[in-house]
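**Student:** here is a sequence together with a model predicted from it:
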Amino acid sequence: MPSWSIKQRLIRSLIALVALFWIAGVVVAGFAVREEVTEVFDSALRVTGGELVPIALEEYRRKVSGQSDPRPSEARTVSFSASRSHVHYLLRDPSGKVVLMSMGAPEQPPPIPLERGFYNYGDYRYYSHFLKNEALWIVVAHELQERREAAMGLWLGLASPLIALLPIAAVAVWRTVDRTTKPILRVSQELEARGGNDLNPITTLGLPSELTPVIESVNTLMTRLKTAIEAERAFAANAAHELRNPIAAVQAQIQVLAANLRGTADGSRAEGLASQLAGLGRRVEKMLQMARAEAGLGHSRERTDLISIAALVVDDFHRHSNVGARLIFETEDDESCWVAMDQDAIAIVLRNVIENAVHHGSAGQPIEVRVGRDHTVRVINGCDVLPRSALRQLTHRFRRGKIRRAGGSGLGLTIVDMIMRQAGGSLVLVSPAEDRSDGFEVILRFPGVI
């Protein structure tokens, strides 16, 4: 399920609710205004009908008596302008027949009942009233267009503030939600800024009551995690003390015994036992390094000089008989190269990478260790080109290259990858090496000091 933001969802929801309620209010107010507009126009239509009665009766009497109207034709129209629309009248007898209509009135008489009241038909609003003295019905018609324009104008007048105020409401909602969710952001930034070794409780001071139980649960979890990590680290340290020294002591005795038995039938057995014991010691060392890595050794952000640690590790390998002058150490800068990583973690990473080059590289070919200004270390050794599928598997546990010597345990690059990920760095494996047609290159990118 894709991730989502509480802040953004709140802002969208609140803005949508504000707009929805505002639109609903405008619609309700529009219907109310339309009713009021209808009442006002109906009242005006009723008054207009009363004013037109004398004119209509006078015209009707002339028509019945056959008298001519001495007024000019332009003065005889009894349809007159009312704003932008017109008002017309009809006279109907008790049977519903139209006996007189004003000039400009609808040609087809409207099918409205002979009852007093208001009726809508077509584009007109009709008011019908019975004249008792004359036994006639007078029907006054008013065009609906003006009513519609008036109602639409009022509706637009009510809705137009929404267009102008909605952005202001959106800003107000955003600022309110932003202030409300700041404690969540503060806790998130505090957790993100912490290193892996900082498992101290998070303060709940100033946090909202809804967030406090979550932080307390996180604090409980971190306390348990801290206890478990400390116990695991203690076990690793105790195991290193309890296993490493006895194995080294037994190995020394076996080597002395093998030297004394050299040339005899038991001498080769003693040398084989010494070799197996040395391999066991190396495997125990790797398992202890793995335990330290799984305990979070790489999470420390200690300020360390990468060049000095690399020089110490390389100098130690120079003393090995199977390495010697094969190991070439180069730096792009004589000054210090500071990185944010524990010095023990750096030493374990570099030692494992160089051991991998010694054990799996081509014998007799040089091993280059280069420290760059960009907080990188490149270790290059000669070997056949490895396929990409093999490169992806080298960081898995107990995976080796094509050359499987007794010294390899299959854990070295796994430990390196784990520690570099914890530290915020990266491990890149390349074959063939850069600017070469063969070889194997390990690129370590360490986190710089902020």
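**Tutor:** Ah, there it is.
**Student:** from now on I want contacts and neighbour counts done on CA atoms only, so please keep to that.
**Tutor:** Noted.
**Student:** report the residue ranges of every domain in the chain.
**Tutor:** Per automatic domain parsing, the domain ranges recorded for the chain read 6-150, 194-295, 298-450.
**Student:** what segments of this structure are helices?
**Tutor:** 6-65, 73-76, 145-193, 212-239, 245-260, 267-294, 306-318, 343-360, 388-393, 412-423 (DSSP state H).
**Student:** of all the ones you listed, which one comes closest to V98?
**Tutor:** helix 6-65 (11.2 Å; Cα to Cα).
**Student:** tell me the mean pLDDT over that closest one?
**Tutor:** The pLDDT scores in helix 6-65 average 83.
**Student:** ok, stretch 90-106 next?
**Tutor:** pLDDT averaged over stretch 90-106 gives 81.
**Student:** ends of it, what's the gap?
**Tutor:** 9 Å (Cα to Cα, to the nearest Å).
**Student:** now stretch 418-438
**Tutor:** 27 Å.
**Student:** and the contacts of stretch 130-138?
**Tutor:** 49, 53, 89-94, 114-116, 128-129 (Cα atoms under 8 Å, 6 or more residues apart in numbering).
**Student:** most neighbours, which of those?
**Tutor:** With neighbours defined as other Cα atoms under 10 Å, the most crowded of these is Y89; it has 27 neighbours.
**Student:** doesn't V139 make contact with that residue?
**Tutor:** Yes: contact criterion Cα atoms under 8 Å: Y89 and V139 qualify, at 5.5 Å.
**Student:** mutual contacts of the two, please.
**Tutor:** In contact with both Y89 and V139: G49, using Cα under 8 Å, 6+ apart.
**Student:** TSV for the contacts of stretch 130-138, including distance to S217?
**Tutor:** Listed next are these as TSV, based on distance: Cα to Cα, whole Å:
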residue	distance to S217
G49	80
V53	86
Y89	83
L90	84
L91	87
R92	87
D93	89
P94	89
L114	81
E115	78
R116	77
S128	78
H129	81
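**Student:** tell me which of the residues you listed fall in strands.
**Tutor:** Among the contacts of stretch 130-138, the residues falling in strands (DSSP state E) are 89-92, 128-129.
**Student:** out of the domains of the chain, flag the one nearest V177.
**Tutor:** So among the domains of the chain, domain 6-150 is nearest, using Cα to Cα, at 6.5 Å.
**Student:** returning to what we had before: so which of the domains of the chain is the most packed in?
**Tutor:** domain 298-450 (a mean of 18; mean count of other Cα atoms under 10 Å).
**Student:** what's in contact with stretch 186-201?
**Tutor:** 202, 219-220, 222-223, 225-226, 296, 299-301, 422.
**Student:** how long is it end to end?
**Tutor:** First-to-last residue span, stretch 186-201, Cα to Cα: 14 Å.
**Student:** just checking, S431 touches R392?
**Tutor:** No: S431 is beyond contact range of R392, at 11.3 Å (criterion: Cα under 8 Å).
**Student:** still on that earlier bit, dump the domains of the chain into TSV; add distance to D178 as well.
**Tutor:** Shown next, in TSV, are the domains of the chain (distance: least, Cα to Cα, whole Å):
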stretch	distance to D178
domain 6-150	7
domain 194-295	14
domain 298-450	28
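**Student:** nearest approach to L165 belongs to which of those domains?
**Tutor:** Nearest of the domains of the chain (Cα to Cα): domain 6-150, 9.9 Å.
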